[in-house]
Each structure stands twice: as structure tokens, then as C-alpha cells.
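[1] coords please:
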Amino acid sequence: YKVGYSIVITGSRTYFKNFKYLGKEKIPKNAGIIYAANHQNAFLDPIVIAGQANNPINFLARADIFKNKLVYKLLRKFYMLPIYRQRDGVNTIEKNQETFEVCYDILKNNGHLIIFPEGNHNSKKTLRSLKKGVSRIALGTLTKYGKDTPLFIVPIGIDYENHFSMNADVLVNVGNPISIGDYFDDYDKNPVETVNKLTQKVRQNL
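    Below is the predicted model:
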């Protein structure tokens, strides 16, 4: 991870003309963090976020790139985790639950995770509808480890002047963190409604 980090961060710093990062002081300390970001570019988006973090960040990536056993081991060294879709031809619920369990443990230990809740990338500067996985992982962590577990979803907006061109500008803007503990009692009573409510809150902050 450290070797890859050094290479790609050096490249990204020369790729962009101006790189502006706002709101880093909003990110809570000593807590599990889920960065929920809009997704315009499959390669650049994780890099511009991870490049500003002090600690390693875990990434959820589409499962089809993990099929080869050697590749799987390599990607895990880069803190990448597989997320399965119906097209992958497996029991997606069971397989994704295995990944979610790993995420719960990471977040319980104050680790950091990036999720792109739109589900795929699109170069248009429009926030699309969000998948509910970000809320389910957050609330699942508290279900497993207790509602007093410090955990936040931190919305991050990424805006490229032109991500297809070198020497363009990029803005990474941190929104207001969402404390998951504030939603847990409602989740215990009405899980479906609370997941929808939290997902909508993430969208509003994004």
C-alpha cells in the first residue's frame, strides 16, 4: 500500500494544475470513518481522497477484478475489498455479507473506508440516486459492536474542471459528518425506514 501510495500520489500531484482540499478539519478523530463520495472517474476518485488521508483507506471495488487468486491477494494488500453484483453469477447477498463483516471490523478499530454510493461512475456533474449499502454497513457496524461505537459517514464532493485533461483543477470538499449513533435507536425499531432516512441524509450532505 505504501509503495503504491507513493507512486500514484506523486503522479496525481503532477497531473493536476491546482488541487484544492477544503474541510479536512471536519473529519472526526478517533472514530471509524466511511467516506461517501460522488463518483465521476473510476481511477482518479479514490486517489484524490486517499492522497489527502493520514492513514490507509480501505476501498470497495467490483468483485469481477478479484477472480484470479494471485490478483485477489495483491488487491487485498492495497486494502481493496470485493463487492458483488447480480451479474457476477454468485450468491451476492452471502458474498457481500462476508465483505460487510470485514468492513464492520475495520470501522470498529477506527479504520477508514471509501464508498461511492452512486454505485458506478459517470462523468456528468450530477449527483445520481444513491445505493443503500453505505447506510447498511454503517448501521450494521453498530448492530455488531454496540451503539456507542464511534462511527461517522463523511460526505465528500469531488469536482474536476476536466478529469480527461492534464493541468486541470480539482476541488475536494468535505461535508458535515453524520454520526451513526444518532440513527441507531430508530434503526432498532424500524430498520427499513431508518436505512432510507440515513441514505437520504447522506445524499443531502453530498
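[2] and the spatially closest residue to I178 that is not a sequence neighbour, how far is that from V172?
    Nearest-residue entry for I178: I153, 4.4 Å, with adjacent residues in sequence omitted and distances by CB to CB, 6 or more residues apart in numbering. Every C-beta, even on glycine, is put in place using the N, C-alpha and C of the backbone. Using CB to CB, to the nearest Å, one gets 16 Å for the distance from I153 to V172.
[3] who has more neighbours, these two?
    Counting neighbours by other CB atoms under 10 Å for I153 and for V172 shows that I153 has the greater number, 28 against 21.
[4] Quick one: mean pLDDT over the host helix or strand of that one.
    Here I153 is covered by strand 151-160, with elements defined by DSSP states H and E. Predicted confidence along strand 151-160 averages 95 (mean pLDDT).
[5] Now the lengthiest helix in the chain - C-alpha only, CSV.
    The longest helix of the chain (DSSP state H) is helix 92-108. The C-alpha trace of helix 92-108 is given here as CSV (Å, rounded to 0.1, in the frame of the first residue of the first chain):
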residue,chain,number,x,y,z
THR,A,92,-24.4,-11.9,-3.9
ILE,A,93,-26.1,-11.5,-0.5
GLU,A,94,-23.9,-14.1,1.1
LYS,A,95,-20.7,-12.9,-0.5
ASN,A,96,-21.4,-9.3,0.2
GLN,A,97,-22.1,-10.1,3.8
GLU,A,98,-18.6,-11.6,4.1
THR,A,99,-17.2,-8.3,2.9
PHE,A,100,-19.5,-6.3,5.2
GLU,A,101,-18.2,-8.3,8.2
VAL,A,102,-14.7,-7.3,7.3
CYS,A,103,-15.9,-3.6,7.0
TYR,A,104,-17.5,-3.8,10.4
ASP,A,105,-14.2,-4.9,12.0
ILE,A,106,-12.3,-2.2,10.2
LEU,A,107,-14.6,0.5,11.3
LYS,A,108,-14.8,-0.8,14.9
